[in-house]
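here is a sequence with its predicted model. Questions after.
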Amino acid sequence: MAVTEAEDQEMATKTTQTETTDSPRTPEKKKSIKKKKSKKNLDNGDDENGDENRPTTPKKKKSKKKLYGNDAAESEEEKPKPKKKKSMKQKSSHKDGMDDGSSEDVDRTNNQEQPSTAMSTSGEGRSSAYTRKKSSMLAVSDDPFALREGKTLLWRNVNMVLKGKNENEPDRMLLNNVWGEVPEQQTTAIMGPSGAGKTSLLNVLAGRAKTRGRISITSDVRLNNFAVDPTNINVRKHIAFVAQDDSLQTTSTPREAIYFSAKLRLPRTTPQKNLDKLVKKMLAELGLESCADTFVGGQLLKGISGGERKRTSVGVELVVRPAMVFLDEPTSGLDSFSAIQLCQVLKKVANAGSSVLFTIHQPASEIFNAFDRLILMNKGRVMFQGLVEDVPSYFKEHNHPLPKKYNPADWIMNVAQANSIKQLDDDGFFPKGERMLPEPYTTDGVEGKDELGITLTEHHLAEDFDDSTPGIFTQLSMLSNREIKNIRRDTAAVGGRFGLTIFLSLLVGLIFKDVGGQPRDTVSNLNSQFGALIMVLLMSMFGTAQPALLAFPEERPVFLREYSTSHYSVIAYFMSRFCMEAFITALQILVQVIITYFLIGFQSNFIMLYVAVYSLAMSSTALAVLLGCSIEDPKLGQEMLPILFVPQMLFAGFFVAPKLIPVWLRWAQYLCTLTYAVRIALVEEFGDGCPAFYPNGTVIEDEAGQVVDPCYNLLDNVGADSDDTWWNWLVLVALFAAFRLTALFVLQRKATKFF
Ligand SMILES: Nc1ncnc2c1ncn2[C@@H]1O[C@H](COP(=O)(O)OP(=O)(O)OP(=O)(O)O)[C@@H](O)[C@H]1O
């Protein structure tokens, strides 16, 4: 569409009309607008009076000339012409299936394309269903393509700069003054040669890229003309995003993955049978029926094909009937039939009201002609932007007419790649000129905040967001169910973990066989008993902390995708993971302690030993989870394992007595969970002393000539004292709680602040 400066002025004027003369909106005004909205809900779609405060439905704009960015359009101070109106019904029927562009009831010659921002005030014939309260509308429908209220995203001056490594290396403009819009009810494709900046633009708009390292990003982005920071989690939640890399739970099936999304993201009042029907219809629309109950699969688990996985990712987002859908190369890896099928689905989604934006590489002509709009990127700049049907005339006007019987997508890519930027510039591509945006409804400035200091934009977003989705208990139950299925289905991982535990326990148990029952009358016996106990403790630490450390970085993409698309809260995710971990660890430690306890013949009480080893395992996993939440890369997690274990072993007192550690380092022992577990277990095993110690005559005497019980001596060496046992328990539990809470905090910050 063509937004010229004249049109921008029109938009600004309309904004003023819509919002009265004061901008930004005040809370009071917002209330009055709410009232009008509800009144409108009752007016059964009769918009002949053109109530200027109602949310508007952008029309499918048609124009032959004056494309958005057409230099002629930019230079002329032209009065915008009135828009031709079509009813929703007419529009839908026109858009159904592949758009053949045959809707000749629209004056394409003179009708300059209009900005389809939310403040556009023309009264498009929106049905009452379209404007009904979102939650009730969605709850009662079992149609994945039910009408919904869309949103329009506008952006200007989007720049992404890669700073040079040093003064000699110049900065690189990865995105250079990029502008555009994604109107509701339309499909917009971003095309361009490899490295043109398609994914970068999509990521910036979806809030998945931010100033960081050598990359700096600036942008002016409007959601329904509210100035927004796309990286804000509240903004991100409005956008269903399908990334290029599928991040799905590998042990779920497509049916379960789509159901999981529908159950947690649709209004809680949605009847179960509607959810089931929705999922069924979504699977059918995406051609996933035949693999609906096969595992998604991953590196180690055989599952559905790459194309099926991609369609599942799309289904997971579309099933919740989002207002905005962004997709990064949704057709990559799909055969041509599946690609067309997917594009038809996207088209239906747009017809239902959503704004759809996606990147795509050289689509077939059938697919290309089905898009409504095109953004053609080249070397980080916008080479063309407008209606797809205007592409041939635009390229003809700029000296690159589309040859007959040529796929237009191939042709425009050919033009973009075969000509230098200078040549294309000379030919008039890369429309220039400053593109103004109308005054935003609110800003983050002081005047845009209410008395509580909450920005009006946040009010708007929060109000707009459906808060009737399931609460924490449903989230916990859904997440726990999925975890249980994951454990049952990922037999390799669970089997490996338990297999290794059994193997190592047997190895240690056999090597130290019956050592625990030997009389404590020699140094070697006593040392062996001590060694056996330390081995059991270390084994529990290694065997449980390692999987916990690696679990989150591996699951991170799934968590971040689901969290950023409002599946569940961080607390629900954290709690469900904790419960599963606690359960699996309890079983694992039980197996380990049963084998070692009876093979070695420890003197401790079985239950006490089990609780001590389990407590160590849980507090070690808490530290591991904290580290795991702080890092992004599973490989880095592997490399961090020594950081987790080595200091613990060094400070626990069995390699070097704590009193021999330099004073300035000695404090670190108090942060090591192993220190406390060793003290508790040793007191339990040797706390009664060695009644028959060293009968062969070798005795140890202290400086005063008193005979020293070697068991007490051993406890003393590691700083253990039976009087401090409760204190040791307390610190162990406190460390566990501190690590867990810090991990929760880190996870919350990571999830909301950074993608
Ligand atoms: N974080 C980054 N650091 C350095 N360079 C980057 C970064 N992100 C993007 N780029 C560079 O920006 C340019 C555009 O990248 P982008 O991935 O957006 O291109 P694209 O059009 O999506 O390409 P493709 O079609 O090959 O996926 C590329 O040259 C890429 O190397």
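Nice, thanks for sending it over. Numbering: from 1, shown residues only.

can we go C-alpha only for contacts and neighbour counts from here?
Fine.

ranges for the strands of the stretch 451-600 of the chain?
Remark: no strands are assigned in the stretch 451-600 of the chain by DSSP state E, counting those that start in this stretch.

of all the residues in it, which one is nearest the ligand?
residue 557 (17.4 Å; CA to the nearest ligand atom).

so what's that residue closest to, chain neighbours aside?
Closest residue to residue 557 apart from its sequence neighbours, by CA to CA, 6 or more residues apart in numbering: residue 247 at 5.7 Å.

that neighbour reaches residue 562, doesn't it?
No - with contact defined as CA atoms under 8 Å, residue 247 and residue 562 do not form a contacting pair (9.2 Å).

convert the C-alpha atoms of stretch 597-607 to CSV, please.
Extracted in CSV, the C-alpha atoms of stretch 597-607 (Å, rounded to 0.1, in the frame of the first residue of the first chain):
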residue,chain,number,x,y,z
TYR,A,597,24.1,-50.0,51.3
PHE,A,598,23.6,-53.7,51.3
LEU,A,599,26.7,-54.6,49.3
ILE,A,600,29.0,-52.4,51.3
GLY,A,601,27.3,-53.0,54.7
PHE,A,602,27.2,-49.5,56.1
GLN,A,603,26.6,-49.1,59.8
SER,A,604,24.3,-46.1,59.4
ASN,A,605,20.6,-46.3,59.6
PHE,A,606,19.3,-47.0,56.0
ILE,A,607,16.7,-44.3,56.1
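
just to revisit the earlier point, isn't the residue of the stretch 451-600 of the chain closest to the ligand right up against residue 249?
No - Residue 557 is not in contact with residue 249 according to CA under 8 Å; the separation is 9.6 Å.

more neighbours, those two?
Set side by side, residue 557 and residue 249 give different neighbour counts by other CA atoms under 10 Å, the larger being at residue 249 (21 against 18).

helix/strand/coil for the more buried one?
Secondary structure assignment for residue 249 (DSSP: H, G, I helix; E, B strand; the rest coil): coil.

that one: what's it in contact with?
257, 296, 297, 558 (CA atoms under 8 Å, 6 or more residues apart in numbering).

out of those residues, which is most surrounded?
Neighbour-wise, these (other CA under 10 Å) top out at residue 296, 26 neighbours.

phi, psi of that residue?
In terms of degrees, to the nearest 10, the main-chain angles of residue 296 are phi -60, psi -40.

how does the chain divide up, domain by domain?
Using automatic domain parsing, the domain parsing of the chain gives 5-140, 245-321, 472-753.

enumerate the residues of the chain near the ligand.
Residues of the chain found near the ligand (CA under 6 Å from any ligand atom) are 174, 194, 195, 196, 197, 198, 199, 200.

may I ask which of those residues has the most neighbours?
Those, ranked by neighbours (other CA under 10 Å): first place residue 198, 29 neighbours.

neighbouring contacts of stretch 151-159?
So stretch 151-159 is contacted by 116-118, 173-184, 217-225, 323-324, 354-355, 435-437 (CA under 8 Å, 6+ apart).

again, only this time at 7 Å
117-118, 175-184, 217-224, 323-324, 354-355 (CA atoms under 7 Å, 6 or more residues apart in numbering).

put the alpha carbons of it into PDB.
Provided in PDB are the C-alpha atoms of stretch 151-159 (Å, rounded to 0.1, in the frame of the first residue of the first chain):
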ATOM      1  CA  LYS A 151      -4.000  -5.900  14.500                       C
ATOM      2  CA  THR A 152      -1.900  -3.700  12.300                       C
ATOM      3  CA  LEU A 153       1.800  -3.300  12.800                       C
ATOM      4  CA  LEU A 154       3.500  -0.200  11.300                       C
ATOM      5  CA  TRP A 155       7.200   0.500  11.400                       C
ATOM      6  CA  ARG A 156       9.600   3.200  10.200                       C
ATOM      7  CA  ASN A 157      13.300   3.900  10.500                       C
ATOM      8  CA  VAL A 158      14.200   0.400  11.400                       C
ATOM      9  CA  ASN A 159      18.000   0.200  11.500                       C
END
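
distance from that stretch to the middle of the chain?
For stretch 151-159, the separation from the chain centroid amounts to 22 Å (computed by CA atoms, centre = their mean, to the nearest Å).

quick one: average pLDDT of it?
Per-residue pLDDT values across stretch 151-159 average out to 87.

below-threshold pLDDT in the stretch 51-200 of the chain: ranges please.
Low-confidence segments of the stretch 51-200 of the chain (pLDDT under 70): 51-141.

assess the claim that residue 146 and residue 352 are in contact.
Yes - at 6.0 Å, residue 146 counts as touching residue 352 under the criterion of CA atoms under 7 Å.

so the two - more neighbours on which side?
Set residue 146 next to residue 352 and count neighbours by other CA under 10 Å: residue 352 wins out with 25 against 18.

quick one: neighbours of the residue nearest to the more buried one when sequence neighbours are not counted, just the number.
Using CA to CA, 6+ apart and skipping residues adjacent in sequence, the residue nearest residue 352 is residue 147, 4.5 Å away. Neighbour count of residue 147, defined by other CA under 10 Å: 24.

you'd agree residue 147 is in a helix?
No - counting by three-state DSSP, residue 147 is not found in a helix; it is coil.

just to revisit the earlier point, buried ones among the contacts of stretch 151-159?
117-118, 175-184, 217-224, 323-324, 354-355 (16 or more other CA atoms under 10 Å).

now the host helix or strand of residue 734: average pLDDT?
Take DSSP states H and E as the rule and residue 734 turns out to sit in helix 725-753. For helix 725-753, the mean per-residue pLDDT is 89.

and that helix, what does it pack onto?
In this structure, helix 725-753 makes packing contacts with helix 606-630, helix 673-686, judged by 3 or more CA pairs under 7 Å, 6 or more residues apart in numbering; DSSP states H and E.

would you turn the ones you listed into JSON lines with distance to residue 469, mean neighbour count and mean pLDDT?
Shown next, in JSON lines, are the helices and strands packed on helix 725-753 (distance: least, CA to CA, whole Å; neighbours: other CA atoms under 10 Å; pLDDT from 0 to 100):
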{"stretch": "helix 606-630", "distance to residue 469": "27", "mean neighbour count": "24", "mean pLDDT": "92"}
{"stretch": "helix 673-686", "distance to residue 469": "40", "mean neighbour count": "25", "mean pLDDT": "91"}
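
between the two ends of stretch 247-254, how far is it?
End-to-end distance for stretch 247-254: 12 Å, by CA to CA, to the nearest Å.

and that stretch, how far out from the chain's middle?
15 Å.

next: stretch 157-176.
On the basis of CA atoms, centre = their mean, stretch 157-176 sits 27 Å off its chain's mean C-alpha point.

what about it, start to end distance?
End to end - CA to CA - stretch 157-176 spans 8 Å.

next: stretch 218-237.
21 Å.

tell me the mean pLDDT over that stretch?
81.

ok, back up a step: of the helices and strands packed on helix 725-753, which is nearest residue 284?
Across these, residue 284 has its closest neighbour in helix 606-630 (37.4 Å, CA to CA).

quick one, that closest one and helix 725-753 angle?
30 degrees (axes from the mean of the first three to the mean of the last three CA atoms, to 10 degrees).

ok so, going back, could the residues of the chain next to the ligand go into a markdown table alongside secondary structure?
Shown next, in a markdown table, are those (three-state DSSP):
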| residue | secondary structure |
| --- | --- |
| 174 | strand |
| 194 | coil |
| 195 | coil |
| 196 | coil |
| 197 | coil |
| 198 | helix |
| 199 | helix |
| 200 | helix |
